[in-house]
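*Asks:* I would like to see how this sequence folds:
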Amino acid sequence: MTDVDDRKVIETQLGRPQRADSEVVSRCHLGLPVVVRVPALLDDGTPFPTLYWLTCPLAVARIARLESSGGVKRMDTRSESDPQFAEDLENANRSYERERDVRVPPGADPAPSGGVGGSASGVKCLHAHYAHTRAGGDNPVGKLVRDWIEPLDCTEECVVGGDTNPTWTPRP
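*Replies:* Numbers count the residues shown, from 1 in each chain. Reported below is the predicted structural model:
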């Protein structure tokens with residue numbers, strides 16, 4: 001990876017400025033950020049329920065394909081038909097919520113709420129579940145997504161010198 005700071009790389013990966021300073025918690029084999037931990041309150045005070053945010057454009061693209069083909073609905077259906085999966089998902093949501101809530105400043109009003117990606121229950125976003133798993137969380141949905149989209153096998157960096165690498169293309 002180049003010596004460009006993580007903030008610039010993340011903003012280039014996202015295609016927009018960050019709304020708060022974030023900490024890289026997972027990197028790809030090329031050293032670039034894959035997942036960041038976002039504060040519970042953004043710089044402007046907005047509550048933000050998503051503790052882990054996926055920045056890797058390859059992972060984002062692969063997961064978008066899963067979501068567009070009904071992946072969220074399939075995970076919800078599995079949760080409805082598989083009691084152990086449902087229990088594991090509920091545990092992941094509550095664990096995520098507790099981990100985020102300890103980062104909420106005292107007296108914050110309103111404060112973020114919900115489990116993975118702010119969901120009250122079930123599956124809201126495969127990207128958020130994968131990011132939780134990639135950050136070390138025990139998440140059954142994230143584990144399945146990981147098995148479907150990895151390895152993140154880019155042969156060149158998606159960001160070079162702080163800009164999108166014009167020769168980088170996501171591998172399906």
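*Asks:* hey, where'd the helices end up in the protein?
*Replies:* Using DSSP state H, the helices of the chain run over 6-14, 57-68, 71-81, 83-101, 126-134, 140-149.
*Asks:* Could you dump the ones you listed into CSV and include mean neighbour count?
*Replies:* From N, CA and C alone the C-beta is placed, and that goes for glycine too. Formatted as CSV, these follow (neighbours: other CB atoms under 10 Å):
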stretch, mean neighbour count
helix 6-14, 19
helix 57-68, 18
helix 71-81, 16
helix 83-101, 17
helix 126-134, 28
helix 140-149, 20
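*Asks:* nearest to Pro47, of those helices?
*Replies:* Closest approach to Pro47 among these is made by helix 83-101 (10.0 Å; CB to CB).
*Asks:* on that earlier part again, adding distance to Leu41 and mean pLDDT, write the helices of the chain out as TSV.
*Replies:* Shown next, in TSV, are the helices of the chain (distance: least, CB to CB, whole Å; pLDDT from 0 to 100):
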stretch	distance to Leu41	mean pLDDT
helix 6-14	18	97
helix 57-68	24	97
helix 71-81	27	97
helix 83-101	11	96
helix 126-134	18	98
helix 140-149	24	98
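*Asks:* Nearest to Val25, out of these?
*Replies:* With CB to CB as the criterion, Val25 lies closest to helix 126-134 of the helices of the chain, at 7.9 Å.
*Asks:* what's in contact with the closest one?
*Replies:* 25-26, 34-35, 50-54, 59-60, 63-64, 66-67, 71-72, 75, 92, 96, 116-117, 123, 139, 141-143, 145-146, 149 (CB atoms under 8 Å, 6 or more residues apart in numbering).
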